[in-house]
Structure formats: C-alpha cells, structure tokens
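A.B. asks: Sharing a model that was predicted from the sequence below.
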Amino acid sequence: MQPTITVAKVTKSYGKKPVLKDVDLSIEKGQLYGLIGPSGAGKTTLVKMIVGMEKPEHGTIHVLNKQMPNLSTLQEIGYMAQSDALYTELTGEENLTFFAKLFRLSKAEQNQRIAYAAGLVNLTPDLKKRVAAYSGGMKRRLSLAIALIQDPQLLILDEPTVGIDPELKLSIWNELLRLKKEEGKTIIVTTHVMDEAEKCDVVAMVRDGKILTSGSPAELKATYHVTSLDEVFLQAGGNQA
Ligand SMILES: Nc1ncnc2c1ncn2[C@@H]1O[C@H](COP(=O)(O)OP(=O)(O)O)[C@@H](O)[C@H]1O
Ligand SMILES: [Mg+2]
C-alpha cells in the first residue's frame with residue numbers, strides 16, 4: 001500500500017537561513033505520527049508544506065497520491081494551525097458554520113458536524129459566546145473543532161494541546177486515539193512535550209531542520225538503550241548545538 005504522506009528530500013530556507021535540510025518521511029494510513037522537537041526546530045514549516053501552504057525549495061511532498069501544493073487535497077486535510085485563526089467578533093458557532101460552509105456541506109450535514117465537533121472538544125455550552133470572550137484553551141478547542149468539521153481523512157495538528165488544562169488535554173488525546181482506531185484517520189501532531197510523544201505510533205525527532213531519528217517509542221528506547229524519549233532525543237543528537 002502507498003503511504004498516505006511522503007516527504008522526499010525536502011529543503012526550505014527563509015532568506016539565507018536553512019530551516020529544513022533534506023527531510024524524508026513517510027506516513028502510513030491510520031498512523032498517529034508525532035513530530036517532536038524544541039521551538040525553532042522546523043515543525044511548523046514542515047506541516048505547512050504538507051498542508052500545501054508553503055512550497056519546498058527542493059524535494060517533493062505527496063499527500064494521498066497528489067503532489068502538494070494541491071487545492072483539491074485540502075478537502076481531505078483538517079489543519080489546526082499553531083496560532084488560532086479565528087473570527088473573534090463572531091461566536092464559536094458562527095466560526096464553525098463559516099468553515100462548514102466552505103466545505104459545501106448541506107444544512108443538515110452542517111448542523112450535525114457542528115454538534116459533533118463542538119461536543120468533541122467540550123465547547124457545546126459556549127457556542128453562543130463571542131470568541132473574543134474565550135480563554136486561550138477554548139480558542140485551541142475551537143480550532144480543533146474546525147479542523148474536524150469536514151470529516152477529513154487526515155488531521156494535521158500543530159501543537160494542539162498548548163495552553164489546555166491537563167484534563168482536557170487527556171480527553172483530546174483519547175479522542176485522537178479513537179479517531180485513529182475507529183475511523184482510520186491518519187494524524188500528524190507536533191509537540192515539544194515528550195510525554196505526548198509516547199502516545200504516537202511513530203515519532204520523528206526534529207532539531208535544526210533535520211530529523212534526528214524516528215521510530216515507535218518502544219523501538220527508539222530499545223535502539224538507544226534508554227528508558228525515556230527525552231534521553232532518546234539527547235542521544236540522537238538533540239543536545240548538540
Ligand atoms: N516566515 C518566516 N520567515 C522567516 N523565518 C521563519 C519563518 N517561519 C519560520 N521561520 C524560522 O524558521 C525556523 C523554524 O521555525 P518553525 O517551523 O516555526 O519551528 P517550530 O514550529 O519547530 O518551532 C525558526 O528559526 C523560525 O524563526
Ligand atoms: Mg511551531
């Protein structure tokens with residue numbers, strides 16, 4: 001079977017600064033794939049290229065057999081950006097309706113998807129409030145609901161749990177695991193938190209625009225003869241400037 005996402009020899013610079021250096025990765029359907037690394041490692045740049053918002057300088061990216069950027073593939077990608085892109089003057093419900101309409105869902109489908117997505121992130125009681133009055137965590141939850149609105153095959157979530165309290169963080173992770181297991185979704189999550197990496201099927205550790213190492217959490221710990229992913233990161237070169 002073809003992988004859902006293939007990144008081959010991808011390079012990207014901003015001005016003279018190289019941000020991604022020869023990145024290769026391959027993500028199978030139904031995988032929960034974690035991109036882990038410190039701030040500035042290049043995670044956001046990489047996911048933006050997978051979504052098709054940025055173009056690689058060199059190399060290619062394929063998503064569902066289409067070379068990116070590709071507009072029609074967007075229907076199949078739910079993307080949650082690192083910074084919330086919300087209409088703060090509108091209510092949560094109006095934001096969800098706006099994005100549901102972009103995907104040309106019927107009115108009945110819209111209502112059903114909005115109820116589902118809002119319920120998933122525990123926002124149902126707050127849907128009638130203006131987003132300007134939301135806390136940071138509520139905005140993150142609304143962004144996640146928007147990423148799920150068209151029921152995409154692929155979810156690409158850039159630091160989805162930053163600023164979210166531990167209880168909701170756990171419930172979001174449980175939902176991601178369920179979406180993977182029961183609905184066969186392919187999910188990419190970026191994080192700088194190693195305990196989240198433990199929940200991923202495959203983890204790629206990123207630093208300075210390079211993938212230092214990748215594999216399942218158990219494989220990585222076995223390979224480096226250590227007991228935590230923090231130690232894997234350091235052993236794999238994460239401690240070098
Ligand atoms: N639009 C941009 N213009 C210039 N530099 C950028 C831009 N976006 C990101 N960078 C730089 O690229 C590097 C990687 O950033 P980013 O992909 O956001 O990393 P991460 O998401 O892992 O924190 C950083 O050094 C950042 O300053
Ligand atoms: Mg980032």
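C.D. replies: That came through fine. Residues are numbered from 1 along each chain as shown. Ligands and ions are numbered 1, 2, ... in the order given.
A.B. asks: quick one, helices of the protein?
C.D. replies: Counting by DSSP state H, the chain has helices at residues 43-51, 92-102, 107-120, 136-147, 166-183, 194-197, 217-224, 229-233.
A.B. asks: Need the CA coordinates for the first one. CSV is fine.
C.D. replies: The C-alpha coordinates for helix 43-51 follow below in CSV (Å, rounded to 0.1, in the frame of the first residue of the first chain):
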residue,chain,number,x,y,z
LYS,A,43,8.0,21.6,12.8
THR,A,44,5.5,24.3,11.7
THR,A,45,7.4,24.9,8.5
LEU,A,46,7.2,21.1,7.7
VAL,A,47,3.5,20.8,8.4
LYS,A,48,2.7,23.9,6.5
MET,A,49,4.4,22.3,3.5
ILE,A,50,2.5,19.1,4.0
VAL,A,51,-0.8,21.0,4.0
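A.B. asks: Residues contacting stretch 124-144, please?
C.D. replies: The contact list for stretch 124-144, computed with CB atoms under 8 Å, 6 or more residues apart in numbering, reads 80-81, 84-93, 95-96, 114-115, 118, 120-123, 157, 160-165, 168, 172. The C-beta positions use only the backbone N, C-alpha and C, and glycine is treated the same way.
A.B. asks: Now the buried members of these.
C.D. replies: With burial judged by 16 or more other CB atoms under 10 Å, the buried subset of the contacts of stretch 124-144 is 80-81, 84, 86, 91-93, 95-96, 114, 118, 120-123, 157, 160-162, 164, 168, 172.
A.B. asks: Next one: Arg207 from Val23, what distance?
C.D. replies: To Val23, Arg207 is 12 Å away according to CB to CB, to the nearest Å.
A.B. asks: So for these two, which residue has more residues nearby?
C.D. replies: Val23 (23 against 20; other CB atoms under 10 Å).
A.B. asks: Can you tell me the closest non-neighbouring residue to that one?
C.D. replies: Nearest non-adjacent residue to Val23, counting by CB to CB, 6 or more residues apart in numbering: Val10, 4.6 Å away.
A.B. asks: Distance from stretch 170-187 to the middle of the chain?
C.D. replies: Distance, stretch centre to chain centre, for stretch 170-187: 12 Å (CA atoms, centre = their mean, to the nearest Å).
A.B. asks: number of nearby residues for the closest residue to ligand 2 within the chain?
C.D. replies: Residue nearest to ligand 2 within the chain (CB to the ion): Thr44, separated by 3.2 Å. If you count neighbours by other CB under 10 Å, Thr44 ends up with 20.
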